[in-house]
Structure formats: structure tokens, C-alpha cells
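K.L.:
Sharing a sequence plus its predicted fold:
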Amino acid sequence: MIPLRDRNPSGAFPLITLSLILVNTFVFLYELQLGPALGKFLLHYALVPAHVTGSLQYGALSLPDTVAPFFTSMFLHGGWLHLIMNMWFLWIFGDNVEDTLGAFRYLLFYFLCGLAAAFTHFLIQPSSPIPVLGASGAIAGVLGAYAVLFPGARVVTLVPVFFFLQIVELPALVVLGLWFVLQIVSGWFEFLTPMQAGTAWWAHIGGFVAGLFLVLLFRPRRVSI
């Protein structure tokens with residue numbers, strides 16, 4: 001199930017959403033030109049739960065080096081498809097959330113959801129040596145906010161039906177609800193398999209849940225007169 005667009009025009013130009021897309025793209029282009037140094041770069045700036053655990057237990061890393069990857073990892077991506085899919089979801093759903101929250105609140109909301117996503121993944125897999133990277137945790141928070149703010153908005157979605165793909169319009173709550181259920185099922189399935197998956201399902205779950213609740217705090221209050 002892939003959303004193509006929503007029928008929910010924004011009332012303002014999505015400056016922060018577009019800026020986040022551009023920053024993520026520029027960072028990925030920087031990654032591409034690193035060549036053989038990319039691995040060392042990712043080990044330093046991506047979130048490696050085992051490194052954080054080791055630092056907390058034995059002081060192997062400085063405090064900035066321990067904490068910074070929770071933030072820097074949300075600007076890194078592992079490939080073009082990873083980047084494009086994340087930015088596509090952000091472009092479709094981010095503009096309306098930004099318009100509702102306002103630029104500053106939206107940016108703070110985005111970062112807090114990204115941190116919540118990274119921390120959730122760390123709690124679930126504290127000994128994992130696999131670097132975690134990508135904006136999907138923060139974007140999952142945007143999806144959660146959209147589900148709260150615009151549950152009835154129509155989303156044009158590409159849906160697989162048997163061996164065919166159909167384009168249908170569904171309420172945002174259905175599209176995003178099914179997306180969230182898929183993350184939960186995939187996350188629990190990961191517990192049942194001996195190998196770790198290449199997707200940080202629990203980061204998605206943590207980001208989405210954070211978005212559901214944080215948007216209630218960040219949403220501007222209506223003043224009655």
C-alpha cells in the first residue's frame with residue numbers, strides 16, 4: 001500500500017517540510033561521494049545500539065558521541081529507494097501537519113518524534129551492532145499526527161489486489177492505521193526470527209505513537225471569544 005497523494009490542500013507553503021527534504025537529500029549526496037570512508041562515517045553518525053550500551057556500561061565513548069547519533073541518524077539514508085520513499089511520505093503528509101502546528105512547533109515536533117523513534121529502537125535492541133539510520137522514525141511521527149488531525153482526509157493510494165495494483169481513495173485513518181498495524185506485525189515477527197531485519201520496525205512504532213500524543217500538545221489551542 002503506497003500513498004500517491006492526499007486530497008487535503010495545505011493553506012501555506014510547506015517551508016519546513018521542503019527544507020527537511022532538501023537537507024536529507026544533500027546529506028545523502030554527501031554520503032555517496034565518501035567512497036570507502038562511508039562505513040566509518042556511518043558507524044560514527046548512525047545509531048549503533050551496541051555502542052551506546054557499551055558507552056553507558058564502560059564509558060567507551062564521550063557523552064556527545066553517545067548522544068549525538070540519536071539525532072544525526074535521522075538525516076542518513078542507506079540508498080536511493082530508502083531516501084525517496086521517506087521523502088515521498090514526508091511530502092504527502094508533512095505539509096498539512098506543518099500548516100496546523102506552525103513552522104517552529106512542527107520542526108520541534110519532528111525532531112522529538114525522531115528521538116522517540118531512535119530511543120524506542122535502542123530499548124528494544126540495546127545490543128544490536130547494526131547501524132540504524134533514516135528519517136522514517138520522525139516521519140512516522142508526522143503520520144501519527146496526520147491521523148489525529150485529518151482522519152477523514154482522502155488519500156489516493158496504490159493497493160495490491162491479488163496480482164494487480166488498484167488506485168483507490170481511502171480515509172487517512174484507514175491508510176495510516178493499516179500502515180501502523182503492518183509495523184507492529186513486522187516488529188513482532190522479528191522477535192520470532194533468529195536474524196535481525198533490515199528495517200527498524202520498532203523505531204517506526206515509537207515514532208508513530210509519539211506523534212499521536214505529541215500532536216495533542218503541539219496543536220494550537222482555539223481561543224473562544
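P.N.:
Arrived safely, thanks for sending.
K.L.:
which helices and strands does the lowest-mean-pLDDT helix or strand in the chain pack with?
P.N.:
The helix or strand of the chain with the lowest confidence, counting by mean pLDDT, DSSP states H and E, is helix 49-58 at a mean of 86. The contact analysis (3 or more Cβ pairs under 8 Å, 6 or more residues apart in numbering; DSSP states H and E) places helix 49-58 against helix 63-72, helix 103-124. Bear in mind the C-beta positions are built from the backbone N, C-alpha and C, glycine included.
K.L.:
now the angle from that helix to helix 63-72?
P.N.:
150 degrees (axes from the mean of the first three to the mean of the last three Cα atoms, to 10 degrees).
K.L.:
Tell me which residues are up against stretch 169-189.
P.N.:
1, 3, 6-8, 124, 140, 143-144, 146-147, 150-157, 159, 197, 199, 201-202, 204-205, 208 (Cβ atoms under 8 Å, 6 or more residues apart in numbering).
K.L.:
buried subset of the residues you listed?
P.N.:
In those, burial by neighbour count holds for 3, 6, 8, 124, 140, 143-144, 146-147, 150, 153-155, 157, 199, 201-202, 204-205, 208, counting by 16 or more other Cβ atoms under 10 Å.
K.L.:
Can you give me the distance of the residue lying closest to P49 once chain neighbours are set aside to L112?
P.N.:
Excluding the flanking residues, the one nearest P49 by Cβ to Cβ, 6 or more residues apart in numbering is S128, at 4.5 Å. Distance from S128 to L112, counting by Cβ to Cβ, to the nearest Å: 23 Å.
K.L.:
L214 now?
P.N.:
6 Å.
K.L.:
Likewise for P14?
P.N.:
For P14, the distance to L112 - Cβ to Cβ - is 19 Å.
K.L.:
Could you do G206 as well?
P.N.:
11 Å.
K.L.:
Compare these two (neighbour count), which wins?
P.N.:
G206 (28 against 18; other Cβ atoms under 10 Å).
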